[in-house]
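Asker: okay, sequence plus prediction incoming.
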Amino acid sequence: MPDRLLLATNNRGKARELEELLWELPVELVLPGELGITAEVEEVGGSLEENARLKATVLAKESRLLALADDSGLEVDALGGEPGPLSARYAGEGASDKDRVDYLLAKLKRVPREKRTARFRCVIAIATPEGEVELCSGECQGFITFEPRGEKGFGYDPVFYFPGLDKTMAELPLEIKNKVSHRGAAAREALKSLRRKYKL
């Protein structure tokens, strides 16, 4: 049974959500920076699955630990599924979360509310140092708002609206967000897999 699990991200917001979702595992959750691994794995895959697999396998091999990586993307129906796997780079390299949100809202400027349907998708890859990989996924449905709302979360959270909760993801406390989010759904699948396969 492994005693440590590497969360293959240097994104503090993502790491905090994963730590909250995986807290009950009887292992130490570590980040690449804590092991002296500072290089970012470039997301060059054409899908969320490819990017998650790439990050997990590279960092599992480099750290010699079981590694868990996620890749998430926002898919907006009116934009033909964009930004998808390019969500983090949608407004260009080096763009901030605010830049990406502003760019998305500008592209949707003339799109009416009923056509602003979207989903967040998350794929989690669990990789061994030997290169064995398992994929888990989750998604949540919503709408893109006309302006940002809320201060919590990161990325596109301020413009992703849940009609049933009448709130954006950025307005939800973390414990509620984790129950309804794409990452929460994928992490619950990953927990089942880790318990079954690695007896955690």
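Answerer: Alright, I've got the coordinates.

Asker: quick one: end-to-end length of stretch 87-103, please.
Answerer: Using Cα to Cα, to the nearest Å, one end of stretch 87-103 lies 11 Å from the other.

Asker: buried stuff in that stretch?
Answerer: S87, A88, Y90, A91, D97, R100, V101 (16 or more other Cβ atoms under 10 Å). Backbone N, C-alpha and C define where each C-beta goes, glycine included.

Asker: now for the chain, the helix or strand with the poorest mean pLDDT.
Answerer: Least confident helix or strand of the chain, by mean pLDDT, DSSP states H and E, is helix 12-21 with a mean of 86.

Asker: who touches the next helix-or-strand element following that helix?
Answerer: As assigned by DSSP states H and E, the chain's next helix or strand after helix 12-21 is strand 28-30. Contacting residues not belonging to strand 28-30 are listed as D3, R4, L5, L6, L7, L18, E19, L22, L65 [Cβ atoms under 8 Å, 6 or more residues apart in numbering].

Asker: so who does the first one touch?
Answerer: Applying Cβ under 8 Å, 6+ apart to D3 gives the contacts V27, E28.

Asker: tell me how far it lies from L135.
Answerer: Separation of D3 from L135 (Cβ to Cβ, to the nearest Å): 24 Å.

Asker: okay, now the unreliable bits of this protein?
Answerer: 1 (pLDDT under 70).

Asker: quick one, helices of it?
Answerer: 12-21, 48-63, 97-107, 174-180, 182-198 (DSSP state H).

Asker: ranking those helices by burial, who's on top?
Answerer: Highest mean neighbour count of these: helix 48-63, a mean of 22 (counted as mean count of other Cβ atoms under 10 Å).

Asker: ok, and the closest non-adjacent residue to the spatially most central residue of the chain?
Answerer: Using Cα atoms, centre = their mean, the residue of the chain that lies closest to the mean C-alpha position is S72, 3.8 Å off. Using Cβ to Cβ, 6 or more residues apart in numbering and skipping residues adjacent in sequence, the residue nearest S72 is C122, 4.4 Å away.

Asker: go on, L135?
Answerer: Of all residues beyond its chain neighbours, the one nearest L135 is A125 (5.5 Å), with distances taken as Cβ to Cβ, 6+ apart.

Asker: related to what we said a few turns ago, now the helices of the chain in TSV, with distance to Y156?
Answerer: Listed next are the helices of the chain as TSV, based on distance: least, Cβ to Cβ, whole Å:
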stretch	distance to Y156
helix 12-21	12
helix 48-63	14
helix 97-107	6
helix 174-180	13
helix 182-198	11
